[in-house]
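In: this one's sequence-less:
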């Protein structure tokens, strides 16, 4: 039996997964324990930490040549779990429409399935992360953080800017989905026999 070696990138990814229950728990704490506005800020901080671990685990994996197949599998799973959890919370708090969340979550599931299929047929490079995918992710992360904060910071309308960004993220989500499907379609057509 082999034991998985825990590298710094994989530890950061596991840390991101462990932050998910904390993100949920924040909103279940009694108001006497944590005020409503403090819940928002705490949730935004937790999500920001998770987003930062996403960046750092990739950076450290490349920088110290610690990329592994397990890490390549676990990293996107952790990302999707965190984003999906945050979107469900935002729908529950009535800060994001269910249609918006369904588009973003549905795209994540569809592209994950596409990537898995491409890996099975040995064509995973056919759906490698593109610039539009990175732009979508960045916009989505900032939107979620602002929507978790919710209340204005001084004169900065956090909720309004977050809402605008989440709709931009939806457009980028659909655009990137069609980009990946188009990129993979010829490969899939040749392997569907």
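Out: It's in. Quick caveat: nothing in here was measured; it's all calculated off a predicted structure. Numbering: from 1, shown residues only.
In: need the longest helix for the protein.
Out: helix 158-191 (DSSP state H).
In: any chance you could map the helices in this protein?
Out: 8-26, 36-63, 69-92, 98-120, 131-149, 158-191.
In: which of those has the highest mean neighbour count?
Out: Stretch with highest mean neighbour count among the helices of the chain: helix 131-149 (a mean of 20; mean count of other C-beta atoms under 10 Å). C-beta coordinates here come from the backbone N, C-alpha and C atoms, glycine included.
In: how far off centre is that helix?
Out: Relative to the mean C-alpha coordinate of its chain, helix 131-149 is positioned 8 Å out (C-alpha atoms, centre = their mean, to the nearest Å).
In: still on that earlier bit, would you list the helices of the chain in CSV and tack on mean pLDDT?
Out: Output for the helices of the chain, formatted as CSV (pLDDT from 0 to 100):
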stretch, mean pLDDT
helix 8-26, 93
helix 36-63, 91
helix 69-92, 90
helix 98-120, 87
helix 131-149, 93
helix 158-191, 87
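In: residues in contact with residue 37?
Out: Each residue near residue 37 by C-beta atoms under 8 Å, 6 or more residues apart in numbering is listed here: residue 151.
In: got it, and residue 80?
Out: Taking C-beta under 8 Å, 6+ apart, we find residue 80 in contact with 108, 109, 112.
In: among those, which one lies nearest to residue 177?
Out: residue 108 (9.3 Å; C-beta to C-beta).
In: and the pLDDT for residue 1?
Out: In this model, residue 1 is scored at 44, pLDDT.
In: same check, this time on the one 4 residues further on
Out: According to the predicted model, the pLDDT of residue 5 comes to 65.
In: name the nearest of the contacts of residue 80 relative to residue 174.
Out: Looking across those and measuring by C-beta to C-beta, the closest to residue 174 is residue 108, at 12.2 Å.
In: just checking, that closest one touches residue 82?
Out: No: assessed by C-beta atoms under 8 Å, residue 108 is found out of contact with residue 82, at 10.9 Å.
In: and residue 56, how far from residue 82?
Out: From residue 56 across to residue 82, the span is 14 Å (C-beta to C-beta, to the nearest Å).
In: nope, residue 107 is what I was after
Out: For residue 107 relative to residue 82 (C-beta to C-beta), the value is 15 Å.
In: alright, I will stop here.
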